[in-house]
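In: This is a predicted model, with the sequence first.
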Amino acid sequence: MINILLCGNEKVFDGALTELISITNRTKEAVNCYLFTMDATNLKTEYTPITDKQTEFLDKVVKSKNKENKVTKIDVTDLYEKEFKGSENEDAYCTPYTLLRLLADLIPKIPDKLLYLDIDMMAGGDISQLYNIDISEYEYAAVKEKYGCWIIRPDYINAGMLLLNMKKIKETKLLEKAREKIRKKKMLFADQDAIFWSTTKKKILPRIYNEQSKFNKKDTVLCHFSKRLMFFPYPHTENYKQWNIEEVHKVLKCYAFDEDLKEYLEYKKEFDERRENV
């Protein structure tokens, strides 16, 4: 069983659906997906939690690939408010939902090995290749951040993919230390910085496990549709996600996930029709 963690609010449904389709289309081993969510409407009205209907639909989709697959929602609102409410990093560079992964050691049902993935990733290969990497002597395994490893430190990691050794993390108190940093110090990349600077021992993996710029490479296991810095025709950033299909084709020139995205559109139509008929 491959244990996965995704985090977000109601608006991440498209990301979760596309990502889980790509994973379950290519991964033979059963997938057990946890969804961390919370109600943060006190910060913004659109910060509503992932709904039960969304969770049930995602569970239905993954079970259509393998009946042992599973999606489980875990509401961590109370834990978030206890650990992070009013902290220096609530207005994180993305949303406060990026902080939810830092609560994983406080959830009793979380297994000893856990693959955290950002919501804007797609699987280009069987993720068991990644999940089965031995990290018994490390807190986690990750890939270098494409800009940060040049600007910040050579071993600076991108936290969009973290293969977590929860047993070791509880021993070293990695996430406990990271939460303390979040509460006390404003950081540019919030959760990512907190994890990196709290690390005792990590394993650096090849880019195929978190490819952040080349979207059509055949050996890519996980492709990350993260924000890109572009210099031509003028300096700017691009932030197209996998469900922005037109831009994925026209701007990113990525066609590697067309079959997954076709399936996504069919499932999205089914979900929307169900919601309208309720």
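Out: All right, it came through fine.
In: show me the contacts for Trp62.
Out: No, residue 62 isn't Trp; it's Val. For Val62, the contacting residues are 20, 24, 31, 33, 69-71, by C-beta atoms under 8 Å, 6 or more residues apart in numbering. From N, CA and C alone the C-beta is placed, and that goes for glycine too.
In: tell me what the strand or helix carrying Ala178 is packed against?
Out: Assessed by DSSP states H and E, Ala178 sits inside helix 174-184. Packing partners of helix 174-184 (3 or more C-beta pairs under 8 Å, 6 or more residues apart in numbering; DSSP states H and E): helix 77-84, helix 190-198.
In: Looking at the ones you listed, which is nearest to Leu43?
Out: In terms of C-beta to C-beta, the element of those nearest to Leu43 is helix 77-84, at 10.5 Å.
In: Next secondary structure after the closest one?
Out: strand 113-117.
In: ok and that following strand relative to helix 190-198, angle-wise?
Out: 140 degrees (axes from the mean of the first three to the mean of the last three C-alpha atoms, to 10 degrees).
In: who's in contact with the helix or strand following strand 113-117?
Out: Moving toward the C-terminus from strand 113-117, the next helix or strand (DSSP H and E) is strand 121-123. Residues from elsewhere that reach strand 121-123 (C-beta under 8 Å, 6+ apart): 18-19, 22-23, 25-27, 160-161, 210, 221-225, 242, 256-257, 260.
In: now do 6 Å
Out: 19, 22-23, 26, 222-224, 242, 257 (C-beta atoms under 6 Å, 6 or more residues apart in numbering).
In: Likewise for stretch 39-46?
Out: By C-beta under 6 Å, 6+ apart, stretch 39-46 touches 47, 49, 77, 96.
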